[in-house]
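In: can you look at this prediction? I've put the sequence above it.
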Amino acid sequence: MDPNSNSNNINNLSSEKTHIFKRLMAYAMLFKFRIAAALLVLCCAVGAELAGPFIAKTIIDRHIGAIQQPWYELNAGMSLPADMKRVGLLGSTFVREDWAPGAAVDRTGWKPVRILQLGNGMVLLREPAAFDQGSWALVGEGGSTDKSAEAQVQVRQTLPGGETKTYPALKLSEAEVWQFYANDVGPVIRWLALFVGLLLVGSALHYVQAFTLQTTALRIIQRMRMDLMRHIQRIPIRYFDNTPIGQVVSRIANDTEAIRDLFMSFMATFVVSTINITGIYIALFLLDARLALVTLLFMPLFTVVVMVHLKFSKKYVMVMRARLSDMNAMINESINVMPILQAFRQEKNRLQEFEKLNDDRYQNNRKQMRVFSLSSRNFTGLVGSLFTACAIWYFGGKSLQSAISFGVFYAFIDYTGRFFQPIIGIFDQIMNAQRAIISAEKVFHIMDIEGSEIAKTDEVPRPEGRVVFDNVTFGYKIGEPVLQGISFEAKKGETIALVGHTGSGKSSIMNLLLGFYEPTEGEIRIDGREIRSMSKQALRKHMGIVLQDPFLFAGDIKFNVSLYNDRISLDQVKKALADVGAASFVEQLPGGYDEPVVERGSTLSAGQRQLISFARALAFDPAILILDEATASIDSETEGLIQEALRVVSEGRTTFVIAHRLSTIREADQILVLHRGQIVERGNHEQLMKLQGRYYRMYQLQSGVKEGGAGAAAVIPT
């Protein structure tokens, strides 16, 4: 294998991903101000949350742990500035180091003392000693109860070299300890109030940013889904010939929903996590640069893990999305042909086919989850726990007071715990991101299919209805023509019938006339104007069509006749139904013209659905009416009603009729007989019967008349 080829494939793939990401961001930029506002609020919320450990550090170092700072004992009669904090106890006055600025106060006669936490209480040590060296331990309590003797307990100092010293100390009662804390109660309460206030503010801001980002994501997907739906209506019909309907439905429903997860979950999580991690790093560097530098090692480690995860899980996600699309297509097809499946007892075989697709998706999902479980939350949680344990062991094995303060250590543990949470959040959303990118590829693939713009048709004049096919050749596939050299003219008000065996090209001629496909050769003109020069909407504005398999929309009967045309009144709906002979059965329904119609009109008979679709075409008063085997589903009695209606409604409009039942086209002005994509006979009914050619034999066969005497059945030449 050529390594250059592999390199080119990788580069092309990377370029394609970049292009998809840019297109996704283009949708996001439509709401850039909302997103910017949400991010600004998010930064404030993160700042409010990350201030918590700093406040806790301040409370610990400046107030709770400050009792072990250096103290000074003064005689009760010594003067102090009025605004200086002090503690009056045991006949003396005590001042803490941070209460007395260095050069601002004369410290003559101030005796340094220390308060140590040993055992279950506090002791006051008045003996001069190197307080910050070695470790301290409580030896035992003395026998005297006179606190002024200063020998109630003994404490031992073990120096780094192993030397020990013993000092007398005074054990403080709970009330005495509280006296030393008295000046710190007010500040601690204020700090706690600030902490609670920041939590409330952060919670409110998180609600605002989450609601803003989530609703923005919904708006983005709403816009994308509408763009996709609009584009699908502009795509040529040829695309739908080779694409299962279920796959198209999956693009609009499932794939856009997966992209929604990208904006709502991954993007929100990624942004929130990035801001959180940035804020945590800033806080860590403010606390202790050494600890912050150590945590920087995690970023390349987690980046490598994410890349490995993406590499191995992508192929599984692609198969999962493909199988989901296939399953949707099969479900859609199965529902549409359920009567056929049940009639031919194919339920079991169909279920087996679906089970294969479902099992393949399950197996790939299982493999993807295995990769996810190994590389996401478990790995991150393990690394975080090990790092926290190592930090506690390292700093706990030393004198924390000489290495870092208790407040800094607490804040560091708090921040590192918060550091791994956004990392885990990003890992948890990676699968959603992969699924969304793959779905975006499929969605943008459809949106990149060239389509024609939907033009306005308000000012399109009604044509006379003169249609000319001039040497038209057409094929659905290149090199396989289904029409060859088709030429005919339909004058205003004429009825043109197209007959022939299945596959002879009848429906293809109508598809070309409606502009669903473009001729390979030749021209199609309406009133002398080539239809390629007209927009598809202008071409079809004054055309009506009735198909062999009529489709009724969910709504009521009057809606299915008028659809969304406000210019068609209820009286016009009733007249159209009356003209096709449908008024009698409609008025007998419980709801009459307001009778609910379920999807596809399954509660109505085939003939009733056909009559309603016929009325729909007539209500729009088309200049050109196309009946594509429209009488195939109608009984003989209803057929007579339609024949009578046709005589009325065809007045002044050009009508094309595709029919296998030749009895319905006897009154046609011109009958075109097609065979293998060519017109082999043309004329009215009488002319073709006199010709005794293909049309004659087809008519004789359908009417049951024998040729050449008894027992000689009519044969259609091939």
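Out: That came through, no problem.

In: got the domain boundaries for this protein?
Out: Following automatic domain parsing, one gets these domains for the chain: 18-57+188-447, 70-181.

In: so of those domains, which one's packed in deepest?
Out: Across those, averaging neighbours per residue (mean count of other CB atoms under 10 Å) puts domain 18-57+188-447 on top, at a mean of 16. To be clear about C-beta, it is placed using only N, CA and C from the backbone, and glycine gets the same treatment.

In: distance between the ends of it?
Out: Terminal residues of domain 18-57+188-447 are spaced 17 Å apart (CA to CA, to the nearest Å).

In: and that domain, average pLDDT?
Out: The average pLDDT within domain 18-57+188-447 is 80.

In: for stretch 174-184, same thing?
Out: Stretch 174-184 comes out at a mean pLDDT of 86.

In: max-length helix in this structure?
Out: Identified as the longest helix of the chain according to DSSP state H is helix 174-234.

In: can you give me how far whichever helix or strand comes after that one is from the chain middle?
Out: Downstream of helix 174-234, the first helix or strand assigned by DSSP states H and E is helix 237-241. Helix 237-241 has its C-alpha centroid displaced from the chain centroid by 26 Å (CA atoms, centre = their mean, to the nearest Å).

In: next: stretch 548-557.
Out: That offset, for stretch 548-557, works out to 32 Å (CA atoms, centre = their mean).

In: then stretch 157-175?
Out: 66 Å.

In: what's the end-to-end length of that stretch?
Out: End to end - CA to CA - stretch 157-175 spans 26 Å.

In: before we move on, back to that, TSV for the domains of the chain, including distance to Ser533?
Out: TSV is the format used below for the domains of the chain (distance: least, CB to CB, whole Å):
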stretch	distance to Ser533
domain 18-57+188-447	17
domain 70-181	90
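
In: please confirm that His660 is located within a helix.
Out: No. Assessed with DSSP: H, G, I helix; E, B strand; the rest coil, His660 is coil; it does not lie in a helix.

In: over to it: give its phi and psi.
Out: Main-chain dihedrals, His660, degrees, to the nearest 10: phi -90, psi -30.

In: before we move on, the earlier item: to Gly500, which of the domains of the chain lies closest?
Out: With CB to CB as the criterion, Gly500 lies closest to domain 18-57+188-447 of the domains of the chain, at 20.7 Å.

In: residues in contact with Leu24?
Out: When contacts are counted by CB atoms under 8 Å, 6 or more residues apart in numbering, Leu24 touches Ile259, Leu262, Ala440.

In: the second one and Met431 touch, don't they?
Out: No. Applying CB atoms under 8 Å, one finds Leu262 not in contact with Met431, separated by 11.0 Å.

In: please, which helix or strand holds the residue nearest in space to the middle of the chain?
Out: The centre of the chain sits closest to Arg260, judged by CA atoms, centre = their mean, with a distance of 1.9 Å. Arg260 belongs to helix 256-261 when elements are defined using DSSP H and E.

In: by contact count, what packs against the helix or strand just after that helix?
Out: Next helix or strand after helix 256-261 toward the C-terminus (DSSP H and E): helix 268-287. Here helix 268-287 touches helix 32-59, helix 174-234, helix 289-295, helix 406-447, going by 3 or more CB pairs under 8 Å, 6 or more residues apart in numbering; DSSP states H and E.
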